[in-house]
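Colleague: can you look at this prediction? I've put the sequence above it.
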Amino acid sequence: MNTAQTPPNRTFPRYGTFAEAKRIGALLRKEAVGGMLLVGAALIAIIWANTPAADAYFALRDFKIGYEPWHLNLSLGAWAADGLLAIFFFLVGLELKREFVAGDLRNFRTAIVPIAAAAGGVAAPALIYAVIVWQQPALLAGWAIPTATDIAFAVAVLAIIGSHLPPALRIFLLTLAVVDDLIAISIIAVFYTDHIEILPLLLAFAVIAAYGFIAQRYRVFFGLHPFAAWLILLPIGVVAWALMHASGVHATIAGVLLGFTIPVLHRRADREAASGRPGLAEEFEHRFRPLSAGIAVPVFAFFAAGVSVGGAEGIRDAMTNPITFAIVAALVLGKPLGIVTTTWLTTKALRTKLDPELRWIDMVGVGLLAGIGFTVSLLVAELSFPPGSVEQDTAKVAILAASVSAAVLAAILLGTRNRRYRRIALRDAVDADADGIPDVYQQGQDPDWFKPSPGSRR
């Protein structure tokens, strides 16, 4: 036998370090809380926008404040989308850099599967949307609406129903969402920038470079003195954000670029001074994630999700609109189709196997979770169609309907799988007294009592 032609036995995901699994577990728990706040804020907005007090909601959302000479006289809704959401994208930038520098995306063989899956999960929904609205060219502007995944919302669903799902499944979802965010950011920067003012853009890049130099040069100082970042880096970041906004490029891109400049690892000369502390990127993630998950994203959802559906007639009109069909089909069908198909093709092409804990039906569940497109999808909807237009309002209704549908389907499928993995875990539980019955049953820790087969001891 010619062993030179035998491919190595490779599996995905290959997440072997305890530190990496622990970090991702903590991140998932934080995102789950943020997802629940996000859902709550969106529900309040939807209910308020469809009550007799709806005028007060829209007056609040459209209230303008800011300095006009700097092109910053924006509505509260715009401040939430362009300003507060920049905090969310700053954390996305931090997470992306951590994954590429010290995480699992630094290894090509580990990274290629979720990268390919994310690309397929973007391409398939965009194609489905375009095919459905092809006869109405004006609607093609929304092709990118169903391409994004809301990681906070998706993880919130997973946290509720996935207590016994394999860790590899959770890690795959997070890695997929990280790459998905990078693609969504690139789409916003390239396809949703109408005009560019060169001077403000160059100044923005210069300020971002200065921000990065200071963060890199004094990484230990900022790690040891939390308030220094607020007093020094935050004002510089605000200037970069304002210049990016003035350039015509969506201001949230500044948040991503600023996140990319933060160092992930300690320099050798700084390791003694750092005294075993995590890198600055991890420090910043720990400090700023509560601000993003607890304030920035829920406030954006509150202002973005409030749509007056116009009663039963409005709902009927929205449900028969091509935009609704396109977005729902793209998110609920296109996402899992693109992710699962691309993952299968990639594993076949690279002769790579899925983690032994996973089954393809689990990947379908991940694909359905990825079909929960909320935060970034709402942002893209606002960029795709004129404010207050029927198209924009219909797109938001469709995003909400599709996200709820994807969440319900994912909960049903993964809930069933979770029960199966739970039974397996109980079957494999430690039997300390060697009586043939796992201790967890005897201690009454689980409602699914042991059901012995015929001829067994119980």
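Modeller: Sure, I can see it. Everything numeric here is computed off the predicted structure, so don't read it as measured data. Residues are numbered from 1 along each chain as shown.
Colleague: give me the distance between Val39 and Ile372.
Modeller: According to Cβ to Cβ, to the nearest Å, Val39 and Ile372 sit 10 Å apart. Just so you know, the C-beta spots here come from the backbone N, C-alpha and C atoms, and that holds for glycine as well.
Colleague: neighbour-wise, which of these two wins?
Modeller: Remark: of Val39 and Ile372, Ile372 carries more neighbours, 30 against 21, as counted by other Cβ atoms under 10 Å.
Colleague: need phi/psi at Ser75.
Modeller: Main-chain torsions, Ser75, degrees, to the nearest 10: phi -70, psi 160.
Colleague: now stretch 285-292: buried residues?
Modeller: Neighbour-count burial for stretch 285-292, with 16 or more other Cβ atoms under 10 Å as criterion, is recorded at Glu285, Phe288, Arg289, Ser292.
Colleague: no, scratch that, I was asking about stretch 289-303
Modeller: Buried residues in stretch 289-303 (16+ other Cβ under 10 Å): Arg289, Ser292, Ala293, Ala296, Val297, Pro298, Val299, Phe300, Ala301, Phe302, Phe303.
Colleague: give me the nearest residue to the third one, chain neighbours excluded.
Modeller: Nearest residue to Ala293 in three dimensions, chain neighbours excluded: Gly34, at 2.8 Å (Cβ to Cβ, 6 or more residues apart in numbering).
Colleague: and the one you found, its phi and psi?
Modeller: Dihedral angles (degrees, to the nearest 10) for Gly34: phi -60, psi -40.
Colleague: how near is it to Ile327?
Modeller: Counting by Cβ to Cβ, the separation of Gly34 from Ile327 is 23 Å.
Colleague: neighbour count: these two, which is higher?
Modeller: Neighbour count, other Cβ under 10 Å: between Gly34 and Ile327, Ile327 has more, with 33 against 26.
Colleague: now list whatever residues contact both of Val39 and Ile372.
Modeller: Listed as contacting both Val39 and Ile372 by Cβ atoms under 8 Å, 6 or more residues apart in numbering are Phe153.
Colleague: shouldn't Ala330 be within a helix?
Modeller: Yes - assigned with DSSP: H, G, I helix; E, B strand; the rest coil, Ala330 falls within a helix.
Colleague: so it makes contact with Pro125?
Modeller: Yes - Ala330 lies in contact with Pro125 (Cβ atoms under 8 Å); the separation is 3.7 Å.
Colleague: list the contacts for the residue nearest to Ala293?
Modeller: Contact analysis of Gly34 by Cβ under 8 Å, 6+ apart lists Ala152, Ala156, Arg289, Ser292, Ala293, Gly294, Val297, Pro298.
Colleague: please redo it, this time with the cut-off set to 7 Å
Modeller: Ala152, Ala293, Gly294, Val297 (Cβ atoms under 7 Å, 6 or more residues apart in numbering).
Colleague: farthest-separated two in these?
Modeller: Set against one another by Cβ to Cβ, these have their most distant pair in Ala152 and Gly294, with a gap of 11.0 Å.
Colleague: avg pLDDT for stretch 70-81?
Modeller: Stretch 70-81 carries an average pLDDT of 85.
Colleague: quote the end-to-end distance of that stretch.
Modeller: Its first and final residues considered, stretch 70-81 spans 18 Å by Cα to Cα, to the nearest Å.
Colleague: quick one: contacts of it?
Modeller: For stretch 70-81, contacts defined as Cβ under 7 Å, 6+ apart pick out 60-64, 66-67, 82, 242, 245-246, 299-300, 303-304, 379, 382.
Colleague: and that stretch, how far from the chain's centre?
Modeller: Relative to the chain's own centre, stretch 70-81 is displaced by 24 Å; criterion: Cα atoms, centre = their mean, to the nearest Å.
Colleague: what comes up buried for it?
Modeller: For stretch 70-81, by 16+ other Cβ under 10 Å, it's Leu72, Leu74, Ser75, Leu76, Gly77, Ala78, Trp79, Ala80, Ala81.
Colleague: that older thread, nearest to Leu139 among the buried residues of stretch 285-292?
Modeller: Ser292 (31.9 Å).
Colleague: hang on, isn't the closest one packed against Phe88?
Modeller: Yes - between Ser292 and Phe88 there is a contact at 4.9 Å, judged by Cβ atoms under 7 Å.
Colleague: which ones among the buried residues of stretch 70-81 map onto strands?
Modeller: Taking DSSP state E as the definition of strands, the buried residues of stretch 70-81 contribute Leu74, Ser75.
Colleague: distance to Phe205 for the buried residues of stretch 70-81 - can I get that in TSV?
Modeller: TSV is the format used below for these (distance: Cβ to Cβ, whole Å):
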residue	distance to Phe205
Leu72	20
Leu74	23
Ser75	28
Leu76	29
Gly77	28
Ala78	23
Trp79	23
Ala80	25
Ala81	22
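Colleague: check contacts around the closest residue to Thr341 other than its chain neighbours.
Modeller: What sits nearest to Thr341 in space, not counting adjacent residues and going by Cβ to Cβ, 6+ apart, is Gly120, at 6.2 Å. Neighbour list for Gly120: Gly338, Ile339, Thr341, Thr342 [criterion: Cβ under 7 Å, 6+ apart].
Colleague: in which helix or strand would I find the third one?
Modeller: In this case it means Thr341. Thr341 belongs to helix 335-350 when assigned by DSSP states H and E.
Colleague: next: Lys353.
Modeller: strand 352-354.
Colleague: next one: Val179
Modeller: helix 167-191.
Colleague: now that helix: buried residues?
Modeller: Of the residues in helix 167-191, 168-185, 187-188 count as buried by neighbour count, 16+ other Cβ under 10 Å.
Colleague: ditto for stretch 201-211
Modeller: Buried residues in stretch 201-211 (16+ other Cβ under 10 Å): Leu201, Leu203, Ala204, Phe205, Val207, Ile208, Tyr211.
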